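Peer 1: missing the sequence, but the structure's below:
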C-alpha cells in the first residue's frame with residue numbers, strides 16, 4: 001500500500017469470493033485495517049465468475065457491503081460507498097443498494113450488451129484492457145476489439161465519461177491447463193496510458209497489482225504471496241519498471257494534462273529508461289518439454305522486439321544493442337517516447353548520451369539475457385522489465401516459488417531466483433488471490 005500510494009494510486013479494488021476454504025471475510029478485515037493505518041483506501045469488488053457470488057442473491061452482496069461501509073479504510077466517492085464487481089451482468093443493483101443501506105456509488109463490470117438497467121448505475125467499469133476478439137480470446141483475423149473500442153461502447157452505455165472506470169494494463173500471458181493464452185501487449189502499457197490521458201475519464205483502474213498468474217502484475221515479485229503455479233513464468237521476471245513508467249503518466253492524469261511533460265518527469269524521480277522483452281523468441285518449439293505441451297493461443301501475434309521507453313528532460317541519443325544484432329541508434333525527444341528494436345539472443349545493452357556522445361547519462365546491460373532455447377523447458381511469453389537507473393533487487397521468495405517444480409520436465413532449473421543482487425547492480429552502470437487492482 002505504501003508503494004502504491006507513493007506512485008499516486010488512491011485505492012485498491014479487493015476482488016474476492018464468498019468464504020469457503022479461505023476465510024475471505026477475515027482477509028478483507030486485514031486489508032481494510034491496513035488501508036486505514038497506511039492512509040490508503042480500499043473497496044469491495046465482487047467476483048461473479050462461475051461458482052462465486054450469485055447474481056440471484058443480491059441480498060448477500062448488499063449485506064457484505066453493509067458490513068464494511070463504515071470502515072475508515074473504505075473508498076468514498078461523492079460521499080457514497082464505492083463498490084465494483086467482476087462481471088455479474090444481471091445482478092439487481094437496486095436490491096443490492098437497498099440491502100446495503102443505500103448511499104452506494106456502484107460502478108460494476110457489466111457488459112454494455114446486456115439487458116441491465118444502466119440508468120440506475122453510478123459508474124461502469126470495463127475489463128477490456130487488452131486487444132481481444134471481443135470475448136475471452138486473443139484477436140483473430142476476423143475479429144479485433146481494442147480497449148479504445150470498449151471505451152466508446154462503455155461511455156455511450158453509461159452516458160458520461162465522468163462515470164466511466166477506464167482500464168489500463170501492461171500485459172496478459174497465462175499458461176495453465178485451464179487457460180493458455182496471450183493477448184498482444186507489446187507496447188500496450190505506453191500506448192494505453194496515452195489513450196487514458198486523451199480520454200479524460202474520471203477513474204482509471206490498473207489491472208492488476210498482483211495477478212502473477214496472468215502476468216499483468218505491476219507489484220513487486222517480493223510481495224508476500226503463494227504460488228498457484230505461476231512461478232514457472234514469473235521467476236526472474238520483475239515488472240517493477242512498469243511502475244516507474246506509470247508514475248509521470250499518473251501525475252499527468254491527475255493534473256488533467258493531455259500528455260506527459262518534462263515537469264511530470266521531474267516531479268516523479270527524474271529521467272529514466274524503461275525497457276522490456278520476452279526471454280525467448282516466439283518461434284521456438286517447446287512442445288516436448290513444456291508443462292502444458294502447447295504454445296499459448298495468440299503467440300503468433302507478438303513481435304520479437306525489445307521495447308524501450310525514455311522519460312527525458314531534454315533530447316538525448318539512445319543506442320540499443322540486442323544480442324548479435326547491430327546497434328540501433330536514434331534520437332529520443334524530451335518527454336515520454338517509445339521505440340522498438342529487433343530482438344536477438346544474447347545480452348541486451350542500452351546507452352543514453354548527450355553532447356555528441358561525450359556525456360553518458362545511462363549505460364549498462366539488462367540483468368537477463370534473451371536465449372534461443374525454451375527457458376526451463378516451457379513457452380514463456382512473460383516480459384522482463386528493467387530500468388536505468390536500476391531499482392532494488394526484486395525476486396520471488398520461498399512461498400512464491402513453492403510450486404515451481406510441478407509439471408517441470410527439465411532438470412536444469414531449480415526453485416530459486418537466478419538473477420542475483422550483484423547482477424542487478426551490474427546492469428546499472430549508470431551515472432545516476434484475491435487479485436488486487438489499483439484505482440486512481
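Peer 2: On my side now, so go ahead. On a predicted model such as this, the values are computed, not experimentally measured, just so you know.
Peer 1: chain center to the helix or strand where residue 3 lies, what's the gap?
Peer 2: Under the criterion of DSSP states H and E, residue 3 resides in helix 2-7. Its chain's average C-alpha position is 15 Å from that of helix 2-7, according to CA atoms, centre = their mean, to the nearest Å.
Peer 1: who touches that helix?
Peer 2: Applying CB atoms under 8 Å, 6 or more residues apart in numbering, the contact partners of helix 2-7 are 12, 38-40, 209, 219-220, 243, 246-247, 250, 438. Backbone N, C-alpha and C define where each C-beta goes, glycine included.
Peer 1: can you pick the most crowded of these?
Peer 2: residue 12 (27 neighbours; other CB atoms under 10 Å).
Peer 1: domain assignment for the chain?
Peer 2: As assigned by automatic domain parsing, the chain contains the domains 2-226, 272-432.
Peer 1: state the mean pLDDT of the shortest one.
Peer 2: Read it as domain 272-432. Per-residue pLDDT over domain 272-432 has a mean of 92.
Peer 1: follow-up on the earlier one: next secondary structure after the helix holding residue 3?
Peer 2: By DSSP H and E, the next helix or strand past helix 2-7 is strand 11-16.
Peer 1: partner strands of that next one and their direction?
Peer 2: strand 41-47 (parallel), strand 436-439 (antiparallel) (DSSP bridges).
Peer 1: looking at those strands, which one has the lowest mean pLDDT?
Peer 2: Of all the strands paired with strand 11-16, mean pLDDT reaches its minimum on strand 436-439 (a mean of 61).
Peer 1: that older thread, how about JSON lines for the contacts of helix 2-7, with distance to residue 194 added?
Peer 2: Below are those laid out as JSON lines (distance: CB to CB, whole Å):
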{"residue": "12", "distance to residue 194": "24"}
{"residue": "38", "distance to residue 194": "30"}
{"residue": "39", "distance to residue 194": "30"}
{"residue": "40", "distance to residue 194": "27"}
{"residue": "209", "distance to residue 194": "21"}
{"residue": "219", "distance to residue 194": "23"}
{"residue": "220", "distance to residue 194": "25"}
{"residue": "243", "distance to residue 194": "17"}
{"residue": "246", "distance to residue 194": "12"}
{"residue": "247", "distance to residue 194": "15"}
{"residue": "250", "distance to residue 194": "13"}
{"residue": "438", "distance to residue 194": "19"}
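Peer 1: where does the stretch 51-200 of the chain have low pLDDT?
Peer 2: Applying pLDDT under 70 to the stretch 51-200 of the chain flags no residue at all.
Peer 1: look up the pLDDT of the spatially closest residue to residue 391 that is not a sequence neighbour for me, please.
Peer 2: Excluding its sequence neighbours, the residue lying closest to residue 391 (CB to CB, 6 or more residues apart in numbering) is residue 240, at 5.1 Å. Per-residue confidence (pLDDT) for residue 240: 97.
Peer 1: residues contacting residue 240?
Peer 2: Contacts of residue 240 by CB under 8 Å, 6+ apart are 218, 220, 385, 387, 391-392, 394.
Peer 1: narrow those residues to just the buried residues.
Peer 2: 218, 220, 385, 387, 391, 394 (16 or more other CB atoms under 10 Å).
Peer 1: cross these against strands and list the overlap.
Peer 2: 385, 387 (DSSP state E).
Peer 1: columns distance to residue 270 on top of the buried ones among the contacts of residue 240, output as TSV?
Peer 2: As requested, these are exported to TSV (distance: CB to CB, whole Å):
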residue	distance to residue 270
218	20
220	21
385	19
387	12
391	14
394	20
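Peer 1: what's the closest of the buried ones among the contacts of residue 240 to residue 123?
Peer 2: Distance to residue 123, by CB to CB, is smallest for residue 218 among the buried ones among the contacts of residue 240, at 22.8 Å.
Peer 1: gap between that closest one and residue 403?
Peer 2: 22 Å (CB to CB, to the nearest Å).
Peer 1: mind checking which helix or strand the residue nearest the centre of the chain is in?
Peer 2: Residue closest to the average C-alpha location in the chain (CA atoms, centre = their mean): residue 216, at 3.7 Å. Of the helices and strands defined by DSSP H and E, none includes residue 216.
Peer 1: so how far is residue 168 from it?
Peer 2: Distance from residue 216 to residue 168, by CB to CB: 10 Å.
Peer 1: and what of residue 217?
Peer 2: Distance, residue 217 to residue 168, by CB to CB: 14 Å.
Peer 1: where along the stretch 201-350 of the chain do the strands fall?
Peer 2: Per DSSP state E, counting those that start in this stretch, the stretch 201-350 of the chain carries strands over the ranges 203-206, 272-277, 305-312, 316-322, 328-332, 335-342, 348-354.
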